[in-house]
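Trainee: Take a look and give me a structure for this.
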Amino acid sequence: MATLYVSDLDGTLLLPDGTLGARTVAVVNALIAGGGLFTYATARGYESSSRVTDRLRLELPVITYGGAVLADPGTGAPSRVARVPEEAVAAVLRATEGPGPVQPILFVNHGGRDRVCWLPGYSTPSVESYLGRRAGDPRLLPLRGWPEIDPGQVFSLAVLGPKEQLARLSDTLAEPLGACHVTVSEEIYAPGEYWLEVGSLDGTKAAALEAVVSAVAADRLVCFGDNMNDLPMFAMADESLAVANATDEVQRGATGVIGPNTAEGVAEWLSAHALP
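Mentor: Predicted coordinates for the structure are as follows:
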């Protein structure tokens, strides 16, 4: 029986400082070297995720941007892209137009490459916090106005700001966002900051994972996660394991709870259950 193991990165496979522990590197590489099937599913883009996973000898496609882009683990070349409906993009931009406490960041293919776009003229502390943690990221592309990009090429977007205002925005946009996958979650590296994330219904971790399962002809699926956007892939897994630091809702949605990411819980479980 071929089992595919899939792990979220931040808060799950990675340590709290956003790096891979030595134990995790050793166990995952041993699993792959022995013919095991392993990949990751993350909200990060390929450039960011590949930097923190470069010590892993990954062979399978990796799931990036929350499932919007399925990419080659070595080159980052996309094999599958799910774009946000243009009417949903337009609705979010109208609702956040001008200065205000909540502002969007768009993830878009522009000029043949992935770009992270925002309007500096309306930037907020939450947006600046996000940008500050990504200083030097080659994807960053500030805009004078949204018409500079093609809304049909947006594969993910996030509105950053206070939780209560994001919840109200989500309610206000319930109809135009009805054809999208929408979550509100706390930024793991900046407690107190929240994201309203909008993606295609075909751009979830679960949807991308279906393509990987089919490609590798896996008979069984085991998933690891810690946050709300992991629940769709938990729902399709034969075994879903939440790390002990996962949110309460994610722990309730899992078939089991393992050690926290501080103790490299995923690696410890893989060592006990997946290695020969």
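Trainee: G18: which element?
Mentor: When secondary structure is defined using DSSP states H and E, no element contains G18, which sits outside every helix and strand.
Trainee: now the strands for the chain?
Mentor: 3-7, 37-40, 62-64, 69-71, 78-81, 103-110, 113-118, 140-142, 154-161, 180-186, 194-200, 220-225, 239-243, 256-258 (DSSP state E).
Trainee: so what strands line up beside the least confident helix or strand in the chain by mean pLDDT?
Mentor: Least confident element among the helices and strands of the chain, by mean pLDDT, DSSP states H and E: strand 180-186 (a mean of 90). For strand 180-186, sheet partners with direction are given as strand 194-200 (antiparallel), following DSSP bridges.
Trainee: Would you mind writing the CA trace of the strand it pairs with as CSV?
Mentor: What follows is strand 194-200 as a C-alpha-only set of coordinates in CSV (Å, rounded to 0.1, in the frame of the first residue of the first chain):
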residue,chain,number,x,y,z
TYR,A,194,-5.3,38.7,10.9
TRP,A,195,-5.8,37.8,7.3
LEU,A,196,-9.0,37.4,5.2
GLU,A,197,-7.7,35.0,2.5
VAL,A,198,-9.6,34.5,-0.7
GLY,A,199,-8.8,31.8,-3.3
SER,A,200,-10.5,29.8,-6.0
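Trainee: From the rest of the structure, what touches that strand?
Mentor: Applying CB atoms under 8 Å, 6 or more residues apart in numbering, the contact partners of strand 194-200 are 43, 65-68, 82-85, 88, 92, 102, 126, 155-163, 166, 169-170, 177, 180-187, 229. (Each C-beta comes from the backbone N, C-alpha and C, glycine too.)
Trainee: Mind giving me the ChimeraX command for buried ones among those?
Mentor: Command for ChimeraX that selects the buried part of those, burial taken from 16 or more other CB atoms under 10 Å:
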select :43,65,66,67,68,82,83,84,85,88,92,102,126,155,156,157,158,159,160,161,166,169,170,177,180,181,183,185,187,229
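Trainee: Nearest residue to K163 in space, please, no chain neighbours.
Mentor: The spatially closest residue to K163, leaving aside those adjacent along the chain, is Y194, at 4.3 Å (CB to CB, 6 or more residues apart in numbering).
Trainee: same question, P99
Mentor: Once flanking residues are discounted, P99 sits nearest to Y122: 5.3 Å by CB to CB, 6+ apart.
Trainee: for D230, same thing?
Mentor: Using CB to CB, 6+ apart, the nearest residue to D230 is D8, at 5.2 Å.
Trainee: Would you enumerate the residues in contact with that neighbour?
Mentor: The contact partners of D8, by CB under 8 Å, 6+ apart, come to 40-42, 205, 224-227, 230.
Trainee: Return the member of those residues nearest to S271.
Mentor: S271 lies nearest to F224 out of those, by CB to CB, at 13.3 Å.
Trainee: Just grab the bridge partners of that closest one for me.
Mentor: For F224, the residues forming beta bridges with it (DSSP bridges) are S7, L241.
Trainee: What distance do you get for it to E264?
Mentor: Look at F224 and E264: by CB to CB, to the nearest Å, they are 11 Å apart.
Trainee: L169 and P101 touch, don't they?
Mentor: No. Using CB atoms under 8 Å as the test, L169 is too far from P101 to be in contact (10.2 Å).
Trainee: More neighbours: which of F224 and E264?
Mentor: It is F224, of F224 and E264, that has more neighbours when counted by other CB atoms under 10 Å, with 30 against 24.
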